[in-house]
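1. structure for this input, please:
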Amino acid sequence: MTRTVQQLFNLQGKTALVTGGSRGLGLQMAQALGEAGARVVLTSRKAQDLEAAAAELQAQGIDAQWIAADCAKEEDILRLVAETVQRVGPIDILVNNAGASWGAPAESHPVAAWDKVMNLNIRGYFLLSQAVANAGMLVRGGRIINLASIAGLGGNPIEMKTIAYNTSKGAVLNFTRALAAEWGPHNVTVNAICPGFFRTKMAEVLIDTMGEDNMASRAPLRRLGDDEGLKGLTVLLASDAGKHITGQWVAVDGGVSAVLG
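-> Purely as a prediction, here's the structure:
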């Protein structure tokens, strides 16, 4: 007998590790996974922010813990995975969300800033995915969700000079496809979400500079993303409802990429 929709979306008994989970899109995705029944482990660099975020989720009845780690550092990544498995068991769902950006014209973009963005936005995704896979996901199967961006689909409006960020997010898309092809036989799905403009801390300066109404007007839906915008897709890709979806990306951008594409 086939399962009901409610059963397919149910994440009871699953453990999710969410990077960059103390705020913004990461916290929104963690909340969605927790609401669907998953145990959630949040990670980012700042313990104080993580403690507050975990307490917020716990107050909603979500089983949430936190571990501070810098996902640009290999030693932190290995410790994070080992500690997560020790505390709550094997990781079923990995959300690679931690990211950095840097604004500067290409001709004067600091090399150190380029390296910082690449180390976190793509090298960190690879290292953490590898560590989680070797900690049991390749045996048990699982779900990996990579946060890309519509910035990875092409260039930007002239006001935005974020070449390292765009390049890293373009790399995330092909990393997603390549990893999905390689780990599919292990029952591991790998997909990417490409958010458009949400009012997050990373996007705050740009939105304030360009104007919220101006940014919203670029989208056919005439709005920015909100605190619910990624929740449904996150649970779909993390659950058995999305078990036959892999190697794909989905833009959640109010239609911006449809206009640009």
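2. tell me where this structure has strands.
-> 15-19, 39-44, 64-68, 93-96, 142-147, 188-195, 249-252 (DSSP state E).
3. the residue nearest to Ala241 when sequence neighbours are not counted - how many residues pack around it?
-> Using C-beta to C-beta, 6 or more residues apart in numbering and skipping residues adjacent in sequence, the residue nearest Ala241 is Leu8, 4.0 Å away. (Glycine included, C-beta is placed from N, CA and C.) Using other C-beta atoms under 10 Å, Leu8 has 15 neighbouring residues.
4. for Leu8, give me its contacts.
-> Ser239, Asp240, Ala241 (C-beta atoms under 8 Å, 6 or more residues apart in numbering).
5. now with 10 Å?
-> Thr2, Val235, Leu236, Ser239, Asp240, Ala241, Gly242, Lys243 (C-beta atoms under 10 Å, 6 or more residues apart in numbering).
6. wait, Ala38 touches Gly89, no?
-> No - the pair Ala38 / Gly89 is not scored as a contact, 11.9 Å apart, by C-beta atoms under 10 Å.
7. and for these two, which residues touch both?
-> Common neighbours of Ala38 and Gly89 (C-beta under 10 Å, 6+ apart) are Gly13, Lys14, Thr15.
8. that older thread, who's more crowded, Ala38 and Gly89?
-> Ala38 (26 against 13).
9. follow-up on the earlier one: now the shared contacts of Ala38 and Gly89 as JSON lines including distance to Gly170?
-> Formatted as JSON lines, the shared contacts of Ala38 and Gly89 follow (distance: C-beta to C-beta, whole Å):
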{"residue": "Gly13", "distance to Gly170": "36"}
{"residue": "Lys14", "distance to Gly170": "30"}
{"residue": "Thr15", "distance to Gly170": "30"}
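10. from those residues, which single one is nearest Ala64?
-> Thr15 (11.3 Å; C-beta to C-beta).
11. got a pLDDT number for that closest one?
-> Reading off the confidence values, Thr15 has pLDDT 98.
12. that one and Arg39 touch, don't they?
-> Yes - under the criterion of C-beta under 10 Å, Thr15 makes contact with Arg39 at 4.8 Å.
13. residues shared between the contacts of those two?
-> Leu33, Asp63, Gln65, Thr84, Arg87, Val88, Gly89, Ile91, Asp92, Ile93.
14. grab the nearest non-local neighbour of Ile163.
-> Ala106 (4.7 Å).
15. quick one, what contacts that neighbour?
-> Contacts of Ala106 (C-beta under 10 Å, 6+ apart): Trp114, Lys161, Thr162, Ile163, Ala164, Thr167.
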